[in-house]
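Participant: okay, sequence plus prediction incoming.
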Amino acid sequence: MSVPAHYDAVIIGAGMSGLAAAVRLGMFGRKVLVLERHNAAGGLNSFYARGNRKYDVGLHALTNWVPEGAKGAPLVKLMRQLRIRREELDLCPQLGSRVTMAGKNLRLDNDFDHLLADVAEQFPGSVDRFRALDAWIAGLDEAALEAHGGSARALLDERLGDPLLRDMLLLPTCFYGSALEDDIEVSQFAIMWRSLFREGFARPFIGVRQVIRLLIDRCREHGVERRMKCGVRSLEVRAGRVSALALDDGSEVTADAVYSSAGAVETLRLRSDVAPLAGAAEVGRLGYAETIATYDPAAFAGFGWKDTIVFFCDDERFSYRAPAELVDPRSGVICIPNNYRYGEGRTLDEGWLRVTALANHDAWCRLPEADYLAQKQAWCGRLNRVARAHLPAIADSVHDAALTSTDVFTPRTVRKFTGHLNGAIYGSTVKRRDGRTDVANLFLIGTDQGFLGVTGAMLSGISMANLHGLKA
């Protein structure tokens, strides 16, 4: 019998956190193996091709954007830790986003003063309390491994006292980061406050592929081995350590340390020393459906749709719960990737409209295949109409004539391609900020470590590599 290959570190998942951890460890001469069950890197932030089109999955924006020269920002730390030059990311700032609810709009346009001005105008009785909240959040270390816990909803009720303003602040922070129903944990809210409100949104011109290419190139530079279409079947745990990883192809590898971006419960269930359904109480319930529509570029230019991202709620109160039906169209996120400052002479080949809403994983998975496909098409049209109600009006005939393609993904899609139980975008309801598990050499990175967004995912991999691989 051959001796299994041994590595300093094995990383489960070639998503943003996994690739960033691999780069960081490889930079310091560690022998690293990245294992990915699917044929494409990126995880929750990947892309796929259909015909001649490449569709981004996950990435609406790279958050934490700051202008060149900013000091101490998460994006700056990320670039320094991975030795990435700013121009390599090709980041293009947004034109302007907003939160809209009950006839009010709050600007999120990479300028916190504009958000502050909107709060002062539309919530004059709360603006001083809003400033005080901002100052309090500024005093938190949102990246600390000993995070400030508690309910952000309760915090906002206590410090702002206005239910509508509370809901308008929860709307983008929950949709872009919360695994908890109707709430977000305070330290994660602080991360989102900085990344969405204090800093802002940008996008590489070609989308998520730019980031993935950079990380893969860095992996090659530092000798990181990647095995695609090769997942982990089980983690053999003996004497409190992962002694071997059994792979889908029947082979085994061993490692001094294992970093898993598969999710906390998903990783737990890979272990040989636990029951098959362990961790059920911590499985997240919040899944999304997203529709994607593309348009003839000339016609799209005449639509007058200038928003980059719109976070909308059409109900009296913002409800962030797994819906009883297939999709909850009362709130969601509208993203128009065309509306970034790409620079003179650079435009996307088509017009794009992406619409995201809460969806019920179990309901989608129960559908027979024919019904599943029919419901995807039905919800594609319905969510498109919901989104268009928040954009400058165009006639249905004009819209339909310009439409060139549509696609939809559901929680079933997410589970199939990421392995996330319940198709839960933000994973488990319990986060582990120091990445530790009760197995000495098994660490969590990514969604269930607790840093948020594309920038946060990469920083999660970097931070855990630094803490458990380079400082150990």
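Facilitator: Received, thanks.
Participant: could you pull out the strands for the stretch 101-250 of the chain?
Facilitator: Under the criterion DSSP state E, counting those that start in this stretch, the stretch 101-250 of the chain carries strands at the ranges 104-108, 202-204, 225-228, 232-238, 241-247.
Participant: adding distance to D167 and mean neighbour count, write these out as TSV.
Facilitator: Bear in mind the C-beta positions are built from the backbone N, C-alpha and C, glycine included. Formatted as TSV, these follow (distance: least, Cβ to Cβ, whole Å; neighbours: other Cβ atoms under 10 Å):
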stretch	distance to D167	mean neighbour count
strand 104-108	10	20
strand 202-204	26	24
strand 225-228	42	17
strand 232-238	41	17
strand 241-247	44	18
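Participant: out of those, which gets nearest to G332?
Facilitator: For the strands of the stretch 101-250 of the chain, distance to G332 was read as Cβ to Cβ. The smallest value, 15.4 Å, belongs to strand 104-108.
Participant: circling back to that earlier point, so can I have TSV of the strands of the stretch 101-250 of the chain showing mean pLDDT and distance to Q377?
Facilitator: Output for the strands of the stretch 101-250 of the chain, formatted as TSV (pLDDT from 0 to 100; distance: least, Cβ to Cβ, whole Å):
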stretch	mean pLDDT	distance to Q377
strand 104-108	98	32
strand 202-204	96	28
strand 225-228	96	31
strand 232-238	97	35
strand 241-247	97	38
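Participant: in a markdown table, list those strands along with distance to Q210.
Facilitator: Below are the strands of the stretch 101-250 of the chain laid out as a markdown table (distance: least, Cβ to Cβ, whole Å):
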| stretch | distance to Q210 |
| --- | --- |
| strand 104-108 | 23 |
| strand 202-204 | 3 |
| strand 225-228 | 18 |
| strand 232-238 | 28 |
| strand 241-247 | 30 |
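Participant: for G423, which non-adjacent residue is closest in space?
Facilitator: Leaving aside its sequence neighbours, G423 sits nearest to P411 (Cβ to Cβ, 6 or more residues apart in numbering; 2.8 Å).
Participant: can you verify my assumption that the one you found contacts T356?
Facilitator: No. If you go by Cβ atoms under 8 Å, P411 and T356 don't touch, sitting 11.8 Å apart.
Participant: shared neighbours, those two?
Facilitator: The contact sets of P411 and T356 overlap at 288-289 (Cβ atoms under 8 Å, 6 or more residues apart in numbering).
Participant: more neighbours, these two?
Facilitator: Each of P411 and T356 has its neighbours counted (other Cβ atoms under 10 Å); P411 has more, 28 against 25.
Participant: circling back: so which of the strands of the stretch 101-250 of the chain is nearest V283?
Facilitator: Nearest to V283 among the strands of the stretch 101-250 of the chain is strand 232-238; the distance by Cβ to Cβ comes to 18.5 Å.
Participant: by how many degrees do the closest one and strand 241-247 diverge?
Facilitator: On the basis of axes from the mean of the first three to the mean of the last three Cα atoms, to 10 degrees, strand 232-238 is oriented at 160 degrees to strand 241-247.
Participant: now what about strand 232-238, what contacts it?
Facilitator: Against strand 232-238 from outside (Cβ under 8 Å, 6+ apart): 12, 35, 37, 242-248, 258, 262, 267, 270-273, 439, 442.
Participant: T267 is in what secondary structure piece?
Facilitator: helix 264-268 (DSSP states H and E).
Participant: cool, and L391?
Facilitator: Using DSSP H and E, no helix or strand contains L391.
Participant: repeat for V23
Facilitator: Assigned by DSSP H and E, V23 belongs to helix 16-27.
Participant: what does the helix or strand just after that helix rub up against?
Facilitator: Going down the chain from helix 16-27, the next helix or strand is strand 32-36, by DSSP H and E. If you take Cβ under 8 Å, 6+ apart as the criterion, strand 32-36 is touched by 5, 7-14, 18-19, 22, 25-26, 219, 222-232, 245, 247, 253, 255.
Participant: can you say which of those are buried?
Facilitator: Buried positions within the contacts of strand 32-36, assessed by neighbour count (16 or more other Cβ atoms under 10 Å), are 7-14, 18-19, 22, 25-26, 219, 222, 224-227, 230-232, 245, 247, 253, 255.
Participant: how much space between D315 and T356?
Facilitator: From D315 over to T356 the distance is 16 Å, taken as Cβ to Cβ, to the nearest Å.
Participant: now do D307
Facilitator: 14 Å.
Participant: count of residues packed around Y342?
Facilitator: The burial count for Y342: 17, using other Cβ under 10 Å.
Participant: which pLDDT value belongs to the closest residue to it other than its chain neighbours?
Facilitator: Spatial nearest neighbour of Y342, chain neighbours left out: C92 (4.9 Å); criterion: Cβ to Cβ, 6+ apart. Note for C92: predicted pLDDT of 97.
Participant: list the contacts of C92.
Facilitator: C92 is in contact with 202-205, 340-343, counting by Cβ under 8 Å, 6+ apart.
Participant: next one: G103 from D182, what distance?
Facilitator: For G103, the distance to D182 equals 23 Å [Cβ to Cβ].
Participant: of the two, who's got more company?
Facilitator: Using other Cβ under 10 Å as the criterion, G103 and D182 rank with D182 on top: 14 against 7.
Participant: gap between the two ends of stretch 395-414?
Facilitator: From its first residue to its last, stretch 395-414 covers 33 Å (Cα to Cα, to the nearest Å).
Participant: return the distance of it from the chain's centre.
Facilitator: 22 Å (Cα atoms, centre = their mean, to the nearest Å).
Participant: what's the average pLDDT for it?
Facilitator: Averaged over stretch 395-414, pLDDT sits at 95.
Participant: before we move on, what about stretch 343-359?
Facilitator: pLDDT averaged over stretch 343-359 gives 95.
Participant: what residues sit buried inside it?
Facilitator: Neighbour count says stretch 343-359 has 348, 350-359 buried, by 16+ other Cβ under 10 Å.
Participant: so which of those residues is the closest to S460?
Facilitator: Using Cβ to Cβ, T356 comes nearest to S460 of these, at 22.1 Å.
Participant: packing partners of the helix or strand hosting that closest one?
Facilitator: Per DSSP H and E: T356 is located in strand 351-359. With contacts taken as 3 or more Cβ pairs under 8 Å, 6 or more residues apart in numbering; DSSP states H and E, strand 351-359 sits against strand 287-295, helix 297-301, strand 327-335, helix 369-388.
Participant: could I get the ones you listed as TSV with mean pLDDT?
Facilitator: Below are the helices and strands packed on strand 351-359 laid out as TSV (pLDDT from 0 to 100):
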stretch	mean pLDDT
strand 287-295	96
helix 297-301	97
strand 327-335	98
helix 369-388	97
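Participant: point out the most buried one among those.
Facilitator: For those, average neighbour numbers computed from mean count of other Cβ atoms under 10 Å are highest in strand 287-295, which has a mean of 24.
Participant: and the contacts of that strand?
Facilitator: Counting by Cβ under 8 Å, 6+ apart, 53, 55, 303, 322, 326-327, 350-361, 364, 379-380, 383-384, 402-411, 414, 422-425 sit against strand 287-295.
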